[in-house]
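# Okay, predicted coordinates and the sequence, questions at the end:
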Amino acid sequence: MSLLTRLPLWLKEWGKYYIAPLLKVEGRRLLLTVLRGSLDTLLAFTLPLTVVVSTHAALESRYTLTPAQQEQVARWAPVAMAVARVEDVPPLVPLVLWYKEGGLQAVNPSNCEGIMGLHTAVTSGQLPCFTPGAIDAQEVARQLRLGAAAFKAHCPEVSYTTTDPEVLKRCYLYYNAGRNTRIGADRSGYVMNGYDAAHQNMLHRTETGRIVRLQALGAWPVHLAIQAQLAAGPSIQEPSILLPTNLVLQEARDRLWATWVRVGAVPSELAAAPRCREAVVGDCFAAPHTDGEPALRPALSPLLAPVEQATAPACGLLPGLDLESSAPSLVVAPMGGELGRYLDQWGHLTLQVENDEWIVWLSGLRSQTASPGTVERGEWIGAIGGVGSDTLALHYAVFDKRNGSFVDPVAFLPAGYCPSSYHPPGDSRGNEEESRMNILELVKFVPLILGGAWVIWLLFKKDILAKGPVQLILYFLGALIALVVVGWFVDVYLPGWVEDRLQNAAESEEIENIEQISREIINSTLGVSTATPLPPVPTVPPPTIAPTQQPGEGQPSPLPTQPSPAMSIQGGERVHTVASGETLYSISRQYGVTVQAIQQRNNISDPNRIQVGQQLIIPAP
C-alpha cells in the first residue's frame, strides 16, 4: 500500500489546494530567481575577467619573446655572461644561440645536436650524440659553453666587448653558414627574419640544401630583445596579473595626451640649436662622426620636459645616461627612422629608432604613443612618469653606425635642454620601479570597486528589494551557488598555474643552482666539469679573471677576496662583496659612485674583470 493512501483526507485536500499550486507556479518563479542570481554573479566575474584576459592577449602579441622565454633569459643571464666572458664572445651570444637552436628550452632534440644545434661537431665525430630529452642545469651550462666556443671559432674577430651590429650580424651568419658564405648578413633569414617589415618570412637554406620559408625570429631581433630586457634589469619574480590591464589603459591615456598636444609642441629650430657640450670619449664611448647627413642626426632631446639632472655616461648593455625630470613627460623621436619596440612581461618598455647612420634606444618608458614603423624627427613616441614618483628617468643611448661604437648622448642634446647637474650613475631607475609599484597598489582596489558597483546595481537597478524577502534570499542563494562554482574552478585549476609561475621566484632552488654554476664558471677558466670533452675547435685563450701578476711570475695571481691591510677602510667607505651577475657598473649605480672611483680605490685595471666573492671598498659618494 502506498504512502499516499495512508495520508488523512484533510491533508490530501490541503496539499491539493495549497501545496500543488505552489509547486507548479511559485516553485518555477523561485527557481528562476535562483538561476538569475547565479547568472548575474557569473556575469559580474566575466566582465573583469574578460578585460584582464584581453589585455594579457594584447600585450603578449607585442612580445618579441614569449613569457616563458623571457623567464629563461632572466634566469640564465648570469651563466650566459660568465660563459661569454670565459670564451670572449659578446655577453648575449650564448642566449641568442640557445634561442635559435633550442628555443631556450632545456630539452635535447631527437637529432643528437643538443640545445645549441652543434650539427658539425656531432656529424664529424668531435662530439658524441646528445641524449634526447630533458637536461639539468649543469648540462645546460656545458652546452652554452660549447656553443660559445664554436661561435668564437667561426668568428675569431669578435670579443666580449663587441657591440657593432654589422660585426655581430656577420658573426651570427658565419656560425650558421660558415665563413665562406657569400650571402650578406642583412639578406640572411637566419640572422634577420622578423626584424622589421622588410625582413618577414625570409627564405633560408638548411644544411641539407632544402629551401624553407622562416617563421622563427632571426638572431639579430632576438639579440636586441634580450639586450633590451636585461638592460632594463627585470628580476625573476611573479608578474602582476593586473599589470597588462594597467599598461594598456595607461597607453590609451598617453595616446590621447600625445594627440592633444601634438601641434606645435616641438620647435623645429631645436634641430639647429647649439649642442650642450663636446662628446666625452673613453671607456665604451667613441667620438661621433660629423661628416654624415645632418637630417639623419639625432638632433632633438627625447625628453622635452625640463631635464633637471642626468647621470654621467656609463657603460653597460646599453651604454648611455639617464635624463631625469620631476614631471611626467611625453617622449619624442630625436631623429627620423624606423621605430621598433621591446616589451617584457614585467612592464619594461624600450623603444629603438634606427636610420642609415644612427641607432637610439630609449628605455624606462611607461607606454608608447606611436606604432612601429617609420617615424619623423620630433614625433611623439612614448611617455614617462606615473603616480608617486619624485624623479622620472629616461635612459638614452646613441649608437654611431659609421664608426661602430656607442657615443656620448649629451653631445646631441640642444643647448636649451642640457641637464642642470650631473651625478654618478646611481639607482635612478628605482624611482620607475617605485612608481610602478605605487600604481599596482592602486590597482588592487579595482576588485573592491567592481564589487561595490555590482551590489549597488543589484539592489537598485534590478530592484531586488521590491520583490520581497523570500526572492531576495533566493537570489543571493543563486549568487552563493555561482561563487561556489567559481571557487571550485579556481581551486582545481589555479594551483597548477601558480606553481608553474612561482617556481621562477628568485629564492627557488633552481635559481640558486644556476647562480652557483655562474660562480663556478667565473672562478675557473677551465669551465664547468663535464663527462663529455669540449669540442676540439681553435679558440682564443679565455680572458683571465685576475689581470694582475707578481713580478717574475708567468701566471696571474687570484684577486683578493678581502681588502688588503694597505686598503684600510676610511670614513664613509663601505665594503661590498661581489655577487653573481654583478659588474662594476651595476655596483656603482647601487652606491651612487662612479666606476672610475671604485677602480681607483681598489687598484682595478680592467673594470670587466671582477670575481664573485671579491670584496671591494666603495668610496664615499
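Perfect, thanks for sending it. A quick note: this is a predicted structure, and the numbers were derived from the prediction, not measured.

# got the contact list for the spatially closest residue to Arg601 that is not a sequence neighbour?
In this structure, Arg601 finds its nearest non-sequential neighbour in Pro619, 4.8 Å apart by Cβ to Cβ, 6 or more residues apart in numbering. (Glycine included, C-beta is placed from N, CA and C.) Residues in contact with Pro619 (Cβ atoms under 8 Å, 6 or more residues apart in numbering) are Gly572, Glu573, Val593, Ala597, Ile598, Arg601.

# now Gln309
Contacts of Gln309 (Cβ under 8 Å, 6+ apart): Glu324, Pro419, Ser420, Ser421, Tyr422, His423.

# hmm, which of those residues are the buried ones?
Neighbour counting by 16 or more other Cβ atoms under 10 Å classes Glu324, Pro419, His423 among these as buried.

# okay, these in a markdown table with distance to Gly478 and secondary structure next?
Shown next, in a markdown table, are the buried ones among the contacts of Gln309 (distance: Cβ to Cβ, whole Å; DSSP: H, G, I helix; E, B strand; the rest coil):
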| residue | distance to Gly478 | secondary structure |
| --- | --- | --- |
| Glu324 | 55 | strand |
| Pro419 | 62 | coil |
| His423 | 61 | strand |
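
# Name the helix or strand for Ile226, please.
Assigned by DSSP states H and E, Ile226 belongs to helix 219-232.

# Counting by contacts, list what that helix packs against.
helix 67-87, helix 93-102, helix 165-177, helix 189-192, strand 337-343, strand 349-354, strand 358-365 (3 or more Cβ pairs under 8 Å, 6 or more residues apart in numbering; DSSP states H and E).

# redo that, cut-off 10 Å
Helix 219-232 makes packing contacts with helix 67-87, helix 93-102, helix 165-177, helix 189-192, strand 337-343, strand 349-354, strand 358-365, strand 392-400 when contacts are defined by 3 or more Cβ pairs under 10 Å, 6 or more residues apart in numbering; DSSP states H and E.

# Mind putting those into CSV with distance to Leu217, mean neighbour count and mean pLDDT?
Converted to CSV, the helices and strands packed on helix 219-232 look like this (distance: least, Cβ to Cβ, whole Å; neighbours: other Cβ atoms under 10 Å; pLDDT from 0 to 100):
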stretch, distance to Leu217, mean neighbour count, mean pLDDT
helix 67-87, 10, 24, 90
helix 93-102, 8, 26, 95
helix 165-177, 12, 22, 94
helix 189-192, 9, 24, 93
strand 337-343, 12, 21, 94
strand 349-354, 15, 23, 95
strand 358-365, 19, 24, 94
strand 392-400, 21, 25, 91
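
# Which of the contacts of Pro619 fall within strands?
Using DSSP state E, no member of the contacts of Pro619 sits in strands.

# among those, who's most crowded?
Ile598 (22 neighbours; other Cβ atoms under 10 Å).

# separation between Tyr99 and Leu351?
For Tyr99, the distance to Leu351 (Cβ to Cβ, to the nearest Å) stands at 22 Å.

# Let me have the helices and strands packed on helix 219-232 in a markdown table, extended by distance to Thr311.
Formatted as a markdown table, the helices and strands packed on helix 219-232 follow (distance: least, Cβ to Cβ, whole Å):
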| stretch | distance to Thr311 |
| --- | --- |
| helix 67-87 | 22 |
| helix 93-102 | 27 |
| helix 165-177 | 25 |
| helix 189-192 | 33 |
| strand 337-343 | 21 |
| strand 349-354 | 17 |
| strand 358-365 | 12 |
| strand 392-400 | 8 |
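
# so which of those comes closest to Gln138?
Among the helices and strands packed on helix 219-232, helix 67-87 comes nearest to Gln138, with 10.4 Å by Cβ to Cβ.

# from the chain's centre, how far out does the closest one sit?
12 Å (Cα atoms, centre = their mean, to the nearest Å).

# Ok, stretch 343-354 next?
7 Å.

# C-alpha coordinates for it, CSV please?
Extracted as CSV, the C-alpha positions of stretch 343-354 are listed here (Å, rounded to 0.1, in the frame of the first residue of the first chain):
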residue,chain,number,x,y,z
LEU,A,343,58.4,44.9,-24.2
ASP,A,344,58.6,42.3,-21.4
GLN,A,345,56.0,40.8,-19.0
TRP,A,346,57.4,42.9,-16.2
GLY,A,347,56.3,46.1,-18.0
HIS,A,348,59.7,47.3,-19.1
LEU,A,349,59.5,49.1,-22.4
THR,A,350,62.3,50.1,-24.7
LEU,A,351,61.9,51.9,-28.0
GLN,A,352,64.5,51.9,-30.8
VAL,A,353,64.8,54.3,-33.7
GLU,A,354,67.2,53.4,-36.5
